[in-house]
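S.K.: Give me coordinates for this.
(one chain, ligands or ions: 2)
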Amino acid sequence: MTIDAIIVAAGRGERAGGGIPKQFRSLASRSVLARTLDALAGHAAIRRVVVVVNPQDTDHVEAVRGETARSFTTVPGGATRTDSVRAGLAALADDAPDAVMIHDAARPFLSSALIDRLAEALDRHAAVIPALPATDALMRVMTDGTIVEPVDRAVVRAAQTPQAFRFDTLSAAYARLGGGGLADDAAVILAAGGQVHTVEGEAENFKLTMPADFRRAEAMLMGETITVSGQGFDVHRLEPAETMWLCGVELHEGLGLVGHSDADAGLHAVTDAVLGCAGAGDIGQHFPPSDPKWKGAASDAFLLHALELLGQAGGEVIHADVTLIAERPKIGPYREAMRTRLAQLLRLDPKRVNIKATTTEKLGFTGRGEGLAAQAIVTARLS
Ligand SMILES: Nc1ccn([C@@H]2O[C@H](COP(=O)(O)OP(=O)(O)OP(=O)(O)O)[C@@H](O)[C@H]2O)c(=O)n1
Ligand SMILES: C[C@](O)(CO)[C@H](O)COP(=O)(O)O
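M.R.: Ligands and ions are numbered 1, 2, ... in the order given. Model (predicted):
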């Protein structure tokens, strides 16, 4: 069965506050939407993901692309969640899947086991959602808050997302729905006279709605992780050349670095620091200079491999600080470009990346202009 996913991310997040729509706010150094995408688009059952966004948020969406390796397309959303889901369904219609999961961008903590449960239930049901029993006593109230009567909590459930449907069933229900918004997609099926089944939801899969939800989410992430640091150091010989690669940026200063790969000492130091965080040895073990495969290689590939190993070890980079040591070239004119490129490779906000440069007062091999050295410290969170 082919299953596509729609992430609705066009809301304004007014109840959460925080200055920008909540799905783009940072939670322990990564945006909510990047986390949601990784959880959903990273699942093997999901073929492709459409993210429904507000066109005002283009810059935020581009920043999220830099934070995740997952691919996704975007479509403009509407005034209500219902309108946004409708736009997502229309975007999938040309190459319609057998089934679709609709998920709130604002629920970044869904587990892969929950997606498994929903996918498995889709074999038996056309509409299935995760739901949780109520744990508090429930009261029916008047608009002023005065209680009318208790509600039997055995007969209610709190509905979560992802909500999973056979694509044709959900599309037909949306086609029958008039104007106006409903709370969720289960309500759309019910309005069309359909049946909706439930699987067990997850307490951790709460929706970031109010400011306190962000505090809870931060505490959850901090409590589950430890912070580690990795350190890296590299040196390459300098010689006259047209170009030099340093921290992923091409410099045109009449100097080059000599090495087996592109000799980008900055990226090599960062790669070693990431490997340090992952407890995965050093760059020479993974990319031996004796292997002709790496001759002239762009060092981006080394860093991406180290990041992959860190990911497998349950880690994510949260900060990097690099020091470049040389008399020449002067780093100042390239500093911002290096910061931007490194942030892109590390999938970090550029504010979390720092590039420093120093000379050694004409002392030693760097002082004599024979070589360039780079040091890096990378900080990562490990779960
Ligand atoms: N017009 C809308 C409204 C909501 N959503 C999405 O639907 C999900 C659940 O909605 P909610 O938590 O209500 O988000 P907001 O509408 O952003 O929140 P608020 O009501 O506080 O502004 C969110 O991922 C939100 O981005 C959407 O795609 N389009
Ligand atoms: C879709 C939903 O998250 C299911 O619990 C919920 O209905 C969204 O409600 P909101 O009023 O848009 O927050």
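S.K.: Show me what the helix or strand where residue 239 lies packs onto, helices and strands only.
M.R.: Residue 239 is located in strand 226-240, with elements delineated by DSSP states H and E. With contacts taken as 3 or more CB pairs under 8 Å, 6 or more residues apart in numbering; DSSP states H and E, strand 226-240 sits against strand 255-258, helix 265-278, strand 371-382. All C-beta spots, glycine's among them, are computed from the backbone N, C-alpha and C.
S.K.: Comparing the ones you listed, which comes out most buried?
M.R.: Among the helices and strands packed on strand 226-240, the stretch with the highest mean neighbour count (mean count of other CB atoms under 10 Å) is helix 265-278, at a mean of 28.
S.K.: What is the subsequent helix or strand relative to that one?
M.R.: Downstream of helix 265-278, the first helix or strand assigned by DSSP H and E is helix 283-286.
S.K.: number of nearby residues for the spatially closest residue to residue 13 that is not a sequence neighbour?
M.R.: Using CB to CB, 6 or more residues apart in numbering and skipping residues adjacent in sequence, the residue nearest residue 13 is residue 22, 3.3 Å away. Residue neighbour count, defined by other CB atoms under 10 Å, stands at 27 for residue 22.
S.K.: And the residue of the stretch 251-383 of the chain found nearest ligand 1, how far from ligand 2?
M.R.: In the stretch 251-383 of the chain, the residue found nearest to ligand 1 is residue 349; the distance is 20.7 Å by CB to the nearest ligand atom. Residue 349 sits at a distance of 27 Å from ligand 2 (criterion: CB to the nearest ligand atom, to the nearest Å).
S.K.: Kindly report the same for residue 66.
M.R.: Separation of residue 66 from ligand 2 (CB to the nearest ligand atom): 27 Å.
S.K.: Next up, the contacts around that residue.
M.R.: Contact analysis of residue 66 by CB atoms under 8 Å, 6 or more residues apart in numbering lists 343-344, 347.
S.K.: Likewise for residue 76?
M.R.: Neighbour list for residue 76: 10, 52-55, 87 [criterion: CB under 8 Å, 6+ apart].
S.K.: Those residues of this protein touching ligand 1, which are they?
M.R.: Residues of the chain lying close to ligand 1 (CB under 6 Å from any ligand atom) are 8-16, 23, 52, 77-81, 84, 104-106, 207, 209.
S.K.: Just the ones of those residues in strands?
M.R.: Judged by DSSP state E, the residues of the chain next to ligand 1 include 8-9, 52, 104 as members of strands.
S.K.: Of all pairs in those residues, which one spans the longest distance?
M.R.: Pairwise distances across those (CB to CB) peak at 10.6 Å, for the pair 52 and 104.
S.K.: Overlap in contacts, the two.
M.R.: Listed as contacting both residue 52 and residue 104 by CB under 8 Å, 6+ apart are 7-8.
S.K.: neighbour count winner among the two?
M.R.: Neighbour count, other CB under 10 Å: between residue 52 and residue 104, residue 52 has more, with 26 against 23.
S.K.: Which of the helices and strands packed on strand 226-240 sits closest to ligand 2?
M.R.: Here strand 371-382 is closest among the helices and strands packed on strand 226-240 (CB to the nearest ligand atom), at 27.3 Å.
S.K.: So what are the sheet partners of that closest one and their directions?
M.R.: The strands beside strand 371-382 in its sheet (DSSP bridges) come out as strand 226-240 (antiparallel), strand 315-325 (antiparallel).
S.K.: okay, those in JSON lines with mean pLDDT, distance to residue 169 and mean neighbour count next?
M.R.: Listed next are the strands paired with strand 371-382 as JSON lines, based on pLDDT from 0 to 100; distance: least, CB to CB, whole Å; neighbours: other CB atoms under 10 Å:
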{"stretch": "strand 226-240", "mean pLDDT": "97", "distance to residue 169": "45", "mean neighbour count": "17"}
{"stretch": "strand 315-325", "mean pLDDT": "96", "distance to residue 169": "37", "mean neighbour count": "22"}
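S.K.: who touches the residue in the stretch 251-383 of the chain that ligand 2 sits nearest to in this structure?
M.R.: Here the stretch 251-383 of the chain gets closest to ligand 2 at one residue, residue 383, 25.4 Å apart by CB to the nearest ligand atom. With contact set as CB under 8 Å, 6+ apart, residue 383 has these partners: 224-225, 314-315.
S.K.: contacts for stretch 19-29?
M.R.: 9, 11-13, 16, 18, 31-33, 35-36, 54, 57, 60, 63-64, 105-106, 108, 208, 214, 217-218, 221-222, 225, 316, 318-319, 348-349, 352, 381.
S.K.: Repeat that for stretch 331-347.
M.R.: The contact list for stretch 331-347, computed with CB under 8 Å, 6+ apart, reads 30, 34, 66-69, 246-249, 251, 266-267, 270, 300, 303-304, 307, 317, 320, 322, 324, 349-350, 352-355, 357, 378.
S.K.: which of these count as buried?
M.R.: Buried subset of the contacts of stretch 331-347 (neighbour count, 16 or more other CB atoms under 10 Å): 30, 34, 66-68, 246-249, 251, 266-267, 270, 300, 303, 307, 317, 320, 322, 324, 349-350, 352-353, 355, 357, 378.
S.K.: Take the residues you listed and keep only those in strands.
M.R.: Among these, DSSP E puts 30, 246, 249, 251, 317, 320, 322, 324, 353, 355, 357, 378 in strands.
S.K.: hmm, back to that, and the helices and strands packed on strand 226-240: which comes nearest residue 200?
M.R.: Of all these, strand 371-382 sits nearest to residue 200, with 28.6 Å by CB to CB.
S.K.: and the closest one with strand 353-358, angle?
M.R.: If you take axes from the mean of the first three to the mean of the last three CA atoms, to 10 degrees, strand 371-382 sits at 150 degrees to strand 353-358.
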